[in-house]
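Peer 1: Mind folding the following:
(2 chains)
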Amino acid sequence: MDVEASVRAFIEKTFLVDKDKTISTDESLLDSGLVDSTAVVELLTFIEGEFGIQVEDEEVVPENFETIEAIVALVDSKRHA
Amino acid sequence: MKGTERELRSQLMQMTLGYWRSQVLFAASEIGVFGVLRDGSLSAREVAERCHSSPAHTARLLDACAALGLLDKIGEGFQNARLATTFLLEGGPQYMGHWVNFMGSCYQPWGRLAKAIRTGKPVDDGRGQLGAGALWGRHLILAMHDYAMGPGKEMVNHVDLDGRARLLDVGGGPGSYSILLAQKHPTLKAVVLDLSPVVKIAQSLISESGLAHRVSVQEGDYLKDEFGTGYDVVLLSNVLQQEDPDAARMLLAKAHRALLDGGLLVIQAAFLTSEKTGPVWAVLQSLQLLLLYEGGRNYSIDETLAMLPDAGFSNPEVKKMSFLNAESLILATKTAR
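Peer 2: Take a look at the predicted model:
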């Protein structure tokens, strides 16, 4: 499964209350309130474990986590670092 | 359908069980379990002796704590698990016990949520109790300080106070953000305005920080008293949420009067999305505010922005911070009237 599909599947499974919805790649996770401060840790644990990377607290900013697209970019940049 | 019935059933079960888990933590904290285990493993009987609790019932509570990962049980001995040693021992750098105690004290009001919804009234007089120095108020103020010194600390990186001389921290609680901003800006002077029992705590924290020469307290009621004048910055951190829209607008008008022309208004809060159904933390906190404060509620970014022009503020800027921080900022400038 590619990074985007994997991240999307996790977010939809974990955070979406309406399980029939789909999130688009550039949809703002922040503006939709989907991933909040108490839940973001689950997402971090998932991407660190799934992709074998380390995400520092300082990197948990809107630029890196606003959209699925941004998260994928972060994962890719760390895997190829 | 992506959500299977099994998942939905599980979700529903989790919703019914949440408060069982919470109460295990609250009870253990209240009777002092984590503190007595600070120096190492004890048997249930030994814990009960030190906590002055029923030996057999204490054993049952400790087993529940072990089941939830708060304690480790080895043989007949219980010891603090890593979660407890990191966050639940007083004096530790990441102590969250004040928050735990505050949330424990909110258990009773939450039990009357249905009543509040029916009557349209809070179930407790939060403001009055804060003013009277209720113990839960102390827990809340110290918990806010712990948060500000942890996840909330980055706020100072999102607010540019270069060239600003005087800051008023309205309803500033423990004065944490005044302390942090004064640390960042060596010429900044700040005043923390709040109710009498609250500023006593703030004064103590300010003294501990070594900044008493630049950060002072002012005892007052932001609803009744004027704020003074000549400020470059007014900070409203987690304040508007305690008030209904009329009172919130009144506070913004007072902030306007307190500021010099071109002065900076900083509003910090856990804002709701425009649909008001997220983020989950802010939505639930909004109900807590409903329970404790007449008119209490969280506002959305749009609602807050909409109040600014009439209050005489322009050039609004919304600043989102780390995802690990529940707070966001709205900055605006005082336009001369």
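Peer 1: correct me, but residue A:42 touches residue A:14?
Peer 2: Yes. If you go by CB atoms under 8 Å, residue A:42 and residue A:14 touch, sitting 5.9 Å apart. In this view, the C-beta of every residue, glycine as well, is placed from N, C-alpha and C.
Peer 1: interface residues of chain B facing chain A?
Peer 2: Applying CB under 8 Å from any CB of the partner chain, we find that chain B lies next to chain A at B:1-3, B:7, B:151, B:272-275, B:277-283, B:320-326.
Peer 1: burial of residue 8, as a residue count?
Peer 2: All of this refers to chain A. 19 (other CB atoms under 10 Å in any protein chain shown).
Peer 1: Wait, chain B was what I had in mind.
Peer 2: 12.
Peer 1: So for it, what's the pLDDT?
Peer 2: pLDDT, residue B:8: 86.
Peer 1: helix or strand for it, which one?
Peer 2: helix B:5-31 (DSSP states H and E).
Peer 1: Output the contacting helices and strands for that helix.
Peer 2: In terms of contacts (3 or more CB pairs under 8 Å, 6 or more residues apart in numbering or on different chains; DSSP states H and E), helix B:5-31 is packed against helix B:55-67, helix B:97-105, helix B:107-110.
Peer 1: tell me the contacts of residue B:151?
Peer 2: For residue B:151, the contact set (CB atoms under 8 Å, 6 or more residues apart in numbering or on different chains) comprises A:37, B:322, B:324, B:325, B:326.
Peer 1: How much space separates the closest residue to the fourth one other than its chain neighbours from residue A:37?
Peer 2: On the basis of CB to CB, 6 or more residues apart in numbering or on different chains, the spatially nearest residue to residue B:325 that is not a chain neighbour turns out to be residue B:151, at 4.8 Å. Between residue B:151 and residue A:37 the distance, using CB to CB, to the nearest Å, works out to 8 Å.
Peer 1: Now the common contact residues for the two.
Peer 2: In contact with both residue B:151 and residue A:37: B:324, B:325, B:326, using CB under 8 Å, 6+ apart.
Peer 1: most surrounded residue in the residues you listed?
Peer 2: residue B:325 (23 neighbours).
Peer 1: Just give me the neighbour total for whichever residue of the stretch 151-300 of chain B sits closest to chain A.
Peer 2: Nearest residue of the stretch 151-300 of chain B to chain A (CB to the nearest CB) works out as residue B:278 at 1.9 Å. Neighbourhood size, residue B:278 [other CB under 10 Å]: 21.
Peer 1: got the contact list for the residue nearest to it when sequence neighbours are not counted?
Peer 2: Once flanking residues are discounted, residue B:278 sits nearest to residue A:33: 1.9 Å by CB to CB, 6+ apart. Residue A:33 sits next to B:272, B:273, B:275, B:277, B:278, B:279, B:280, B:282, B:283 when contact means CB under 8 Å, 6+ apart.
Peer 1: Just give me how far stretch B:307-319 sits from the chain centre.
Peer 2: In terms of CA atoms, centre = their mean, to the nearest Å, the centre of stretch B:307-319 is found 24 Å from the chain centre.
Peer 1: With stretch B:319-337 instead?
Peer 2: With CA atoms, centre = their mean, you get 17 Å for stretch B:319-337.
Peer 1: Report the backbone C-alpha coordinates of it in CSV.
Peer 2: C-alpha atoms of stretch B:319-337 as CSV (Å, rounded to 0.1, in the frame of the first residue of the first chain):
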residue,chain,number,x,y,z
LYS,B,319,-2.3,31.8,13.9
LYS,B,320,-2.6,28.1,14.2
MET,B,321,0.1,26.5,16.4
SER,B,322,1.3,23.0,16.8
PHE,B,323,-1.2,20.2,16.5
LEU,B,324,-0.1,19.1,20.0
ASN,B,325,-1.4,22.4,21.3
ALA,B,326,-5.2,22.8,21.7
GLU,B,327,-4.9,26.6,21.5
SER,B,328,-4.8,28.9,18.5
LEU,B,329,-4.3,32.7,18.3
ILE,B,330,-6.2,35.6,16.8
LEU,B,331,-4.2,38.9,16.6
ALA,B,332,-5.6,42.2,15.8
THR,B,333,-4.7,45.9,15.9
LYS,B,334,-6.5,48.7,17.6
THR,B,335,-7.8,51.2,15.1
ALA,B,336,-8.1,54.7,16.5
ARG,B,337,-11.7,55.7,16.9
